[in-house]
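Asks: Okay, here's the prediction I keep looking at, along with the sequence it came from:
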Amino acid sequence: RAKMAGRNRYSFFSAEMNEQVRERAMLEMALREALDTREGLTVYFQPQMSQDGGTLTGLEALVRWKHPQHGMMSPGRFLPVAEECGLAVRLDEWVLDYTCSRMKDLPDVPVSVNLSPGQFCTDDLYERIMVIVQHYGVDPRRIELEITEKVLLEENVASHTALRRLREAGFRIALDDFGTGNSSLNYLRRFRVDKIKIDQSFVQHLGKSSESAPLLRAIINLGHAMGLDITAEGVETREQLDFLAQNGCNQMQGYLFAPPVPEERLADFRQTASGSAAAADGSAPT
Ligand code: C2E
Ligand code: MG
Ligand code: MG
Ligand code: MG
């Protein structure tokens, strides 16, 4: 009996595992296909606003994928798969390529693109990025590269060199999801970056835990002391905006102003790029 129960259990788990493996394999196949055909992939742009929330100061490019069966899929679901099977490098390159190809028609502000940690396992990162921007004649100073703390924590000489060269070429480097990477802060001594992006979890705990306000102040002060720009992510309420502005945060990004939108929808923000109109009236984005 024990033997039979054991066998049943074994076959139960293996069936479930097979299902998971199959799902993952299907996702990988569909993603590969999307990258080959460019079908279903697109880029949304999320506005980044000035300290008072009134002027467009930047855009973040965020990948979107319309899966043939599952519909619009968030990067949270397919990026881990892309990273596991080595497709993230191609995906990021596609996003940069797409962004550069649209640059002339985008509002005249810097555009951020995200680089997955996997990018830094390749030894030709600098060359691959330069080929793309040069192909479209885009000035590297228009592009900000978002990396995570993880990248700087690794003792990888090649990736550190690539980052340094990219920065020398004019790209701005932003540290994304700052504060979540159980970091030692040591890397801030060794690497020049231009900006930190405070992770949205800190912003969204404002008013919910008494530690949030002092933590946010400390992060902002640290950044300023090091001469860095500071962007807050996930700003959803007027209260959060006011607190962050009063404490010297330079740039705001979040649903209070706009979610990531397709390029056509950016038209509403074009005016504000010249500072002639205010977009932030505190109402939810439509
Ligand atoms: P991220 O780079 O930190 O991007 C910000 C994420 O927060 C975006 O999610 C955005 O839609 C979301 N967000 C913005 N404002 C708010 C807000 O007010 N409230 C809340 N709750 N969320 C807000 P998204 O687009 O789903 O992307 C998730 C993550 O996937 C990104 O986080 C980034 O790490 C990654 N990602 C997205 N596109 C790319 C890409 O092209 N390449 C790479 N390597 N990673 C990407
Ligand atoms: Mg980002
Ligand atoms: Mg982030
Ligand atoms: Mg993130």
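Replies: Cool, got the structure. Ligands and ions are numbered 1, 2, ... in the order given.
Asks: Contact partners for residue 35?
Replies: With contact taken as CB atoms under 8 Å, 6 or more residues apart in numbering, residue 35 is in contact with 41, 87, 90, 91, 94. C-beta: built from backbone N, CA, C; applies to glycine.
Asks: Beta-bridge partners for residue 172, please?
Replies: Under DSSP bridges, the beta-bridge partners of residue 172 are residue 144.
Asks: Give me the distance between residue 157 and residue 222.
Replies: 26 Å (CB to CB, to the nearest Å).
Asks: Look at these two and report which has more neighbours.
Replies: Applying other CB atoms under 10 Å to residue 157 and residue 222 shows that residue 222 carries more neighbours, namely 15 against 8.
Asks: And whichever strand or helix holds that one, what does it pack against?
Replies: Under the criterion of DSSP states H and E, residue 222 resides in helix 212-225. Applying 3 or more CB pairs under 8 Å, 6 or more residues apart in numbering; DSSP states H and E, we find helix 212-225 packed against strand 195-198, helix 200-204, strand 229-232, helix 238-246.
Asks: Export the ones you listed as JSON lines, with columns for distance to ligand 2, mean neighbour count and mean pLDDT.
Replies: What follows is the helices and strands packed on helix 212-225, written out as JSON lines (distance: least, CB to the ion, whole Å; neighbours: other CB atoms under 10 Å; pLDDT from 0 to 100):
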{"stretch": "strand 195-198", "distance to ligand 2": "7", "mean neighbour count": "24", "mean pLDDT": "96"}
{"stretch": "helix 200-204", "distance to ligand 2": "10", "mean neighbour count": "18", "mean pLDDT": "95"}
{"stretch": "strand 229-232", "distance to ligand 2": "9", "mean neighbour count": "26", "mean pLDDT": "98"}
{"stretch": "helix 238-246", "distance to ligand 2": "17", "mean neighbour count": "18", "mean pLDDT": "97"}
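Asks: Tabulate the ones you listed (TSV), appending distance to ligand 1.
Replies: Converted to TSV, these look like this (distance: least, CB to the nearest ligand atom, whole Å):
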stretch	distance to ligand 1
strand 195-198	7
helix 200-204	6
strand 229-232	10
helix 238-246	9
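Asks: can you put the ones you listed in JSON lines and add distance to residue 37?
Replies: Listed next are those as JSON lines, based on distance: least, CB to CB, whole Å:
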{"stretch": "strand 195-198", "distance to residue 37": "32"}
{"stretch": "helix 200-204", "distance to residue 37": "33"}
{"stretch": "strand 229-232", "distance to residue 37": "34"}
{"stretch": "helix 238-246", "distance to residue 37": "41"}
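Asks: show me what contacts residue 262?
Replies: Counting by CB under 8 Å, 6+ apart, residue 262 touches 42, 44, 45.
Asks: That one and ligand 1, how far apart?
Replies: 13 Å (CB to the nearest ligand atom, to the nearest Å).
Asks: ok, that residue to residue 66 distance?
Replies: In terms of CB to CB, residue 262 sits 12 Å off from residue 66.
Asks: One more: residue 248?
Replies: Distance from residue 248 to residue 66, by CB to CB: 40 Å.
Asks: List the residues that contact the closest residue to ligand 3 within the stretch 1-150 of the chain.
Replies: Residue of the stretch 1-150 of the chain nearest ligand 3, by CB to the ion: residue 146 (7.3 Å). Residue 146 makes contact with 60, 112, 113, 114, 115, 174, 175, 176, 197, according to CB under 8 Å, 6+ apart.
Asks: Swap in 10 Å and give it another go.
Replies: 60-61, 112-115, 172-177, 195, 197, 231 (CB atoms under 10 Å, 6 or more residues apart in numbering).
Asks: try residue 73
Replies: When contacts are counted by CB under 10 Å, 6+ apart, residue 73 touches 27, 30, 31, 40, 63, 64, 65, 66, 67, 79.
Asks: Next to ligand 2, which bits of this structure? Give me the list.
Replies: 114, 146, 176 (CB under 5 Å from the ion).
Asks: which parts of the stretch 101-250 of the chain sit against ligand 1?
Replies: By CB under 6 Å from any ligand atom, the residues of the stretch 101-250 of the chain that approach ligand 1 are 114, 115, 116, 146, 176, 177, 200, 233, 234, 235, 236.
Asks: Could you identify which of these has the most neighbours?
Replies: residue 235 (29 neighbours).
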